[in-house]
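*Asks:* I need the structure of the sequence given here:
(one chain, ligands or ions: 1)
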Amino acid sequence: MATINENFLKLQKNYLFADIAQKVAAYKDAHPEAQIIRLGIGDVTRPLAPAVIAALHKAVDEMGAADTFRGYGPEHGYEFLRRAIVENDFAPRGVQIDADEIFVNDGAKSDTGNFGDILGQDNSICVTDPIYPVYIDSNVMGGRAGEFSHGAWSSITYCPCNEANGFVPALPNKPTDMIYLCYPNNPTGTTLSRAELEKWVNYALQHGSILLYDAAYEAYITTPGIPHSIYEIPGAKRCAVEFHSYSKTAGFTGLRCGYTVVPHELTVTTKQGETVSLNQLWNRRQCTKFNGTAYIVQRAAEAIYSHEGQQQVRDTIDYYMENARIMREALAQAGLKVFGGVDAPYIWFKTPEGTGSWAFFEKLLHDIHVVSTPGVGFGPAGEGYIRLTAFGRREDCTEAMHRLLNSNL
Ligand SMILES: *Cc1c(COP(=O)(O)O)cnc(C)c1O
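*Replies:* Numbers count the residues shown, from 1 in each chain. Sure thing, here's the model as predicted:
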C-alpha cells in the first residue's frame with residue numbers, strides 16, 4: 001500500500017497570498033465600486049527590455065532552422081550565459097568565480113527550495129525572521145522543521161529582525177548547520193553591511209555551517225559599500241551557496257531564469273568524516289532531476305548583459321526605485337515609521353499604535369482600497385508591520401499615497 005510523505009501534511013494550510021486574495025475578493029464582492037490598488041504581491045509590472053525581446057525573437061528563429069536548432073542543452077546552462085555571468089556579475093566586484101561553479105536554473109525559487117535535497121536530514125536550520133517563506137516550507141517538506149506551535153517551528157532557530165535591533169539579526173545562540181540569509185531582504189527591504197556579513201561568514205566557518213545566501217535583489221542596491229555578493233567576503237567560498245534570479249532584476253518572473261553559485265571550495269563532511277564537494281553533488285542532483293532552462297530563455301538572459309540590455313534593465317529598476325521613494329516619503333509624512341525602499345523594492349513600515357498586521361491590512365483595504373501584505377505572514381517578528389512593494393505602476397503608487405495622506409489612518 002502506498003503511503004505519502006507525511007512531512008507535507010505538516011505544512012500550514014493557508015498560503016499567505018491565498019488568504020489575502022480571498023479577503024480582497026470578499027471586499028470587492030461587497031463593494032464592487034471600490035477602485036482597488038494592489039501593492040501586495042511581489043510581482044513586476046514593467047515589460048521586458050527591448051534587448052531581451054530582440055534576443056528572444058532571434059533565438060526563436062534559430063529553433064526553426066535545422067542547422068541552428070537546439071535540443072537538450074547542458075544541465076549546467078549554456079557556456080555563453082555562464083561566461084556572461086562570471087564576467088559581469090562577479091569579476092567587476094573583484095570576485096573570481098569559475099564558469100563551472102554556475103548552475104543556470106528556471107528561477108531562484110526552485111533552487112532555494114531544492115538545495116536541501118543534498119544536505120543532511122538531521123541538519124539544524126536557522127532563518128532570519130521575518131523571511132521569504134520558501135526556506136521554511138521546503139525544510140518542512142524535508143522533515144527538518146519539527147512541529148509548528150505559536151507561529152513558529154520547534155526545530156528552526158529564528159533570528160528576529162525588528163526596529164529595536166535595526167533589522168540586524170544577532171548570530172544564533174546555538175550552533176546551526178544550514179543558515180538562510182536574504183539580502184537585500186524580502187520582506188523588510190533592509191541590507192547588511194560588510195562587517196555584519198563578515199560575522200556570518202566567520203560564524204559559518206567556525207561551526208562548519210552552510211550559508212544559503214539569496215541575492216535575488218542584489219541589483220537594487222544603491223548604497224555604496226553594501227556587498228552585492230556574499231563572495232565579496234573573504235572565506236565565503238568555503239561556506240556559502242548563492243542564489244540569483246533574473247525575475248526582479250530584469251522582469252523575468254514569467255520567463256523564468258536564474259542561477260546558483262556552488263563554489264568548488266565548498267565541501268561538507270559525511271557522518272564518517274569523509275569530505276564531499278557540494279558542487280559535484282549538486283551537479284549530480286541537477287543532471288538527474290533537471291534538464292536545463294530553455295535555450296531561448298538563456299539567450300534572453302544573456303541579452304541583459306549587453307550594453308543596451310544593461311541600460312534598459314537599469315532604467316526599469318530606477319522606475320521601481322522612484323516608486324519606492326514616493327511611497328517612503330508619503331508614509332513618513334503620514335507619521336509612520338518606514339524601513340527599506342532604498343536598496344530594495346520593498347517598503348516595510350510599522351503599524352500605528354501597535355495595531356496587528358492583519359488588522360491594519362484590513363484598514364488599508366477598507367479605508368483606502370489598497371492591498372498590502374501583513375508582515376506577520378513572513379514570520380512571528382513581522383507582527384505589527386506591513387510590506388508594500390514598489391513593483392506597481394507609478395500612477396497606482398501615487399494614487400495610493402494620495403489616498404493615504406487624505407485619510408485618517
Ligand atoms: C522573488 C524572489 C525570488 C525569485 O524567485 P524566482 O523563482 O527566481 O522568480 C527568490 N528569492 C526571494 C527572496 C524572492 O523574493
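
*Asks:* in this structure, which residue sits nearest the ligand?
*Replies:* Residue nearest to the ligand within the chain (C-beta to the nearest ligand atom): Gly107, separated by 2.8 Å. In short, each C-beta sits where N, CA and C put it, glycine included.

*Asks:* ok, that residue - contacts?
*Replies:* Going by C-beta atoms under 8 Å, 6 or more residues apart in numbering, Gly107 touches 245, 247, 252, 256-258.

*Asks:* quick one: Thr112 and Tyr213 touch, right?
*Replies:* No: Thr112 lies out of contact with Tyr213 (C-beta atoms under 8 Å); the separation is 9.9 Å.

*Asks:* overlap in contacts of the two?
*Replies:* With C-beta under 8 Å, 6+ apart, Thr112 and Tyr213 have common neighbours Phe243.

*Asks:* just flag the most distant two among the contacts of Gly107.
*Replies:* Within those, Ser245 and Arg256 form the most distant pair, 9.4 Å apart (C-beta to C-beta).

*Asks:* those two: who's more crowded?
*Replies:* Higher neighbour count among Ser245 and Arg256: Ser245, with 27 against 18, using other C-beta atoms under 10 Å.

*Asks:* beta-bridge partners for the more buried one, please?
*Replies:* Gly258 (DSSP bridges).

*Asks:* for it, list the residues it contacts.
*Replies:* By C-beta under 8 Å, 6+ apart, the contact list for Ser245 reads 107-109, 216, 252, 257-258.

*Asks:* roughly how far apart are it and Leu336?
*Replies:* Distance, Ser245 to Leu336, using C-beta to C-beta, to the nearest Å: 30 Å.

*Asks:* re the thing from before, quick one: which of Thr112 and Tyr213 has more around it?
*Replies:* For Thr112 versus Tyr213, neighbours defined as other C-beta under 10 Å are more numerous around Tyr213 (28 against 25).

*Asks:* give the contact list for the residue nearest to Lys199 when sequence neighbours are not counted.
*Replies:* In space, Lys199 comes closest to Leu171 once its chain neighbours are excluded; the distance is 6.3 Å by C-beta to C-beta, 6 or more residues apart in numbering. By C-beta under 8 Å, 6+ apart, the contact set of Leu171 is 159, 199-200, 203.

*Asks:* how about Asp98?
*Replies:* If you count contacts by C-beta under 8 Å, 6+ apart, then Asp98 has 86, 264 around it.

*Asks:* let's go with 10 Å and repeat that
*Replies:* Listed by C-beta atoms under 10 Å, 6 or more residues apart in numbering, the contact set of Asp98 reads 82, 86, 90, 261, 263-264, 279.

*Asks:* filter the residues you listed down to the buried ones.
*Replies:* When the contacts of Asp98 are checked for burial by 16 or more other C-beta atoms under 10 Å, the buried set is 82, 86, 90, 261, 263, 279.

*Asks:* what about Gln311, neighbour count?
*Replies:* Count around Gln311 with other C-beta under 10 Å applied: 11.

*Asks:* can you classify Asp396 by secondary structure?
*Replies:* helix (DSSP: H, G, I helix; E, B strand; the rest coil).

*Asks:* now the residue nearest to Lys199, what are its backbone angles?
*Replies:* Here is the backbone geometry of Leu171 (degrees, to the nearest 10): phi -60, psi 150.

*Asks:* and the gap between it and Asn323?
*Replies:* Leu171 is 34 Å from Asn323, by C-beta to C-beta.

*Asks:* and the helices in the stretch 101-250 of the chain?
*Replies:* 108-114, 134-141, 194-207, 246-250 (DSSP state H, counting those that start in this stretch).

*Asks:* any idea what Thr389 is bridged to?
*Replies:* Under DSSP bridges, the beta-bridge partners of Thr389 are Tyr346.

*Asks:* which ones are touching it?
*Replies:* 38-45, 186-187, 189, 248, 320, 323-324, 327, 341, 344-347, 372-373, 397.

*Asks:* what of Thr398?
*Replies:* Residues near Thr398 by C-beta under 10 Å, 6+ apart: 323, 326-327, 330, 392.

*Asks:* out of those, who has the most neighbours?
*Replies:* Asn323 (27 neighbours).

*Asks:* which SS class is it?
*Replies:* helix.

*Asks:* and the gap between it and Ala330?
*Replies:* Counting by C-beta to C-beta, the gap from Asn323 to Ala330 is 11 Å.

*Asks:* now the common contact residues for the two.
*Replies:* Shared contacts of Asn323 and Ala330, defined by C-beta under 10 Å, 6+ apart, comprise 347, 397-398, 400-401.

*Asks:* quick check: the farthest pair among those residues?
*Replies:* Ile347 and Thr398 (14.1 Å).

*Asks:* read off the pLDDT value for Lys13.
*Replies:* Confidence at Lys13, expressed as pLDDT, is 71.

*Asks:* again but with Pro374, I slipped
*Replies:* If you check Pro374, the pLDDT there is 97.

*Asks:* so it bridges to which residues?
*Replies:* Ile386.

*Asks:* now the residue nearest in space to the middle of the chain: closest residue in space, sequence neighbours ignored.
*Replies:* With distances taken as C-alpha atoms, centre = their mean, Ala216 lies nearest the centre of the chain, 4.7 Å away. Using C-beta to C-beta, 6+ apart and skipping the chain neighbours, the partner closest in space to Ala216 is Ser245 (4.4 Å).

*Asks:* again with Arg403
*Replies:* If the residues on either side of it in the chain are set aside, Arg403 comes closest to Ile368, at 4.0 Å by C-beta to C-beta, 6+ apart.

*Asks:* burial measure for that neighbour, as a count.
*Replies:* 20.

*Asks:* how much space separates it from Phe360?
*Replies:* The value you get for Ile368 to Phe360, if C-beta to C-beta is used, is 12 Å.

*Asks:* hey, what's in contact with both of those two?
*Replies:* Both Ile368 and Phe360 are contacted by Leu409, under the criterion C-beta under 10 Å, 6+ apart.

*Asks:* which bits of the stretch 51-200 of the chain sit near the ligand?
*Replies:* Counting by C-beta under 6 Å from any ligand atom, the residues of the stretch 51-200 of the chain lying close to the ligand are 107-109, 132, 182, 186.
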